[in-house]
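Colleague: have a look; sequence and predicted model below, questions after that.
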Amino acid sequence: VMLKAASGGGGRGMRVCRSMAEVAPNFERCSSEAAAAFGDSRVFVEEFVEDAKHLEVQVLWDAHGDGVHLFERDCTLQRQRQKIIEQVSKDLYVLRRAAEVYQRLMDRFAPQQKTNYVELLNEWAVGFYTELDFLSEVENQLSIRDVLVNRNDTAVDGIYVPYAVEHLCTSRVAVTEWIDGAKLSTATPATIKALTPIAQEAFLVQLLESGTFHADPHPGNLFLMDDGRLGLLDFGLVARVRRDDQDTMVSSIIHLANKDFPSLVDDFIALEVLPKDTQRATVIPLMDKALSPYIAGGGAKQFERRVKESYGIDADADLTKAVGGFQAMTQDALTVLNDVPFSIPPYFALLGRAIVTLEGIALSADDEFNMYEATAPYARRTLLTPRTAGGRALLRAAFLSSGGRRALRQGLKLPRPWRWRPWRWRPWRVA
């Protein structure tokens, strides 16, 4: 038999008893676990079926005894686990108190740092609770499906987002289209490398076009469909970007491409990463040293090699043993922490998580992958089709600067302009 907590879920308060001698001690354990986890010590007994075959029937019933079957339609059914909201709330409460303590310590000992860690955690908490509301998840899924699949101006070839059976969805149950395939994590490196540009464009369309992006694109949520397309799953955790911030992100990519670090500082101020009174004389050299090796191209190994070169460290040296260069790197890091009052906007945490996850997937198949190189061409094309006053101002500024005109030529894939150089006529010298 199986002993199971009457108010339980998630495997807590469950024990299998294969003899009468095991019932009494297991009953005590189950009862105490149930009381601690669910506040209810009651336990019931049911028959334990070993080596059972799993038969899945797509029929839904409500509390009033009304049932509906889903005909021949293939779909997936996602149900919220019992007590999950209570468990998450306890964890977030502890984290919130810890963030308050950490915030007070930072305010006292590092007042130059402007990041609000409590607000940062609040943003995470909103994301967690939103992910537990399946109606919100379905709304996110349909919104991103509209952008990536339905709209002609933003649809991405090779990307698919399943539809939802809306009239069957509730806050605790999500019913969506079934798609055949396998998780991207099971694909070969060659397949992942071929799909990386498609996934990259889909993410940039979400980030820079729609303003709503999938914030949890790990390999389990990326599905390699049998027809070769890449399916996106699980839209519980998304983040939203303001239209003005989208324009500024495009601007920052263009300025980074041109190594225009003074303008990049302006972009960071507009994104509220840096304060308006930023000490440019301190920030700009650090930006140059940190970002120039990355935008030079190549993958993580090339970036590491260039960073070592900039600090005078041998290519094969261990950073922890290269005393001189390591000390210089540490000094720059301390300068950033002590003298640069940067902050992290709340949605940047989710954005950074999504970017790091996607880059990690790409690097697993291609160690020469560079996120900047993959992003810059799309940013240049976006620059040419402004939709806001800020975007149009950015385009005008690009026309007026040599670096901006270079970015426009690269976005349009135009040849370098031909320059007419008049001949210098010189008289013949007669001996």
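Modeller: That came through, no problem.
Colleague: make it CA atoms for all contacts and neighbour counts henceforth
Modeller: Fine.
Colleague: ok, longest helix in this protein?
Modeller: When the chain is parsed with DSSP state H, its longest helix is helix 84-109.
Colleague: can you give me the buried ones in the helix or strand in which Ser292 is found?
Modeller: Ser292 is located in helix 280-295, with elements delineated by DSSP states H and E. Burial within helix 280-295, assessed by neighbour count using 16 or more other C-alpha atoms under 10 Å, is assigned to Val283, Ile284, Leu286, Met287, Ser292, Pro293, Tyr294, Ile295.
Colleague: same check, this time on stretch 123-133
Modeller: Glu123, Trp124, Ala125, Gly127, Phe128, Thr130, Glu131, Leu132, Asp133.
Colleague: send the alpha carbons of that stretch over as PDB?
Modeller: The C-alpha trace of stretch 123-133 is given here as PDB (Å, rounded to 0.1, in the frame of the first residue of the first chain):
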ATOM      1  CA  GLU A 123      10.800  42.200 -10.100                       C
ATOM      2  CA  TRP A 124      11.900  38.600  -9.800                       C
ATOM      3  CA  ALA A 125       9.000  37.900  -7.400                       C
ATOM      4  CA  VAL A 126       6.500  39.400  -9.900                       C
ATOM      5  CA  GLY A 127       8.000  37.100 -12.500                       C
ATOM      6  CA  PHE A 128       7.600  34.000 -10.300                       C
ATOM      7  CA  TYR A 129       4.000  34.800  -9.400                       C
ATOM      8  CA  THR A 130       3.100  35.600 -13.000                       C
ATOM      9  CA  GLU A 131       4.600  32.300 -14.100                       C
ATOM     10  CA  LEU A 132       2.200  30.500 -11.700                       C
ATOM     11  CA  ASP A 133      -0.800  32.200 -13.200                       C
END
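Colleague: now that stretch: how far from the chain's centre is it?
Modeller: Averaging C-alpha positions (C-alpha atoms, centre = their mean, to the nearest Å) puts stretch 123-133 15 Å from its chain's average.
Colleague: again, but for stretch 127-139
Modeller: 17 Å.
Colleague: picking up where we left off before, mind giving me JSON lines with the buried residues of helix 280-295 and columns for distance to Thr248 and pLDDT?
Modeller: JSON lines is the format used below for the buried residues of helix 280-295 (distance: C-alpha to C-alpha, whole Å; pLDDT from 0 to 100):
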{"residue": "Val283", "distance to Thr248": "19", "pLDDT": "85"}
{"residue": "Ile284", "distance to Thr248": "18", "pLDDT": "87"}
{"residue": "Leu286", "distance to Thr248": "21", "pLDDT": "81"}
{"residue": "Met287", "distance to Thr248": "17", "pLDDT": "82"}
{"residue": "Ser292", "distance to Thr248": "20", "pLDDT": "80"}
{"residue": "Pro293", "distance to Thr248": "23", "pLDDT": "77"}
{"residue": "Tyr294", "distance to Thr248": "20", "pLDDT": "72"}
{"residue": "Ile295", "distance to Thr248": "18", "pLDDT": "74"}
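Colleague: out of those, who's nearest Leu358?
Modeller: Tyr294 (16.9 Å; C-alpha to C-alpha).
Colleague: would you map the helices across the stretch 1-150 of the chain?
Modeller: Under the criterion DSSP state H, counting those that start in this stretch, the stretch 1-150 of the chain carries helices at the ranges 23-38, 84-109, 117-131, 134-145.
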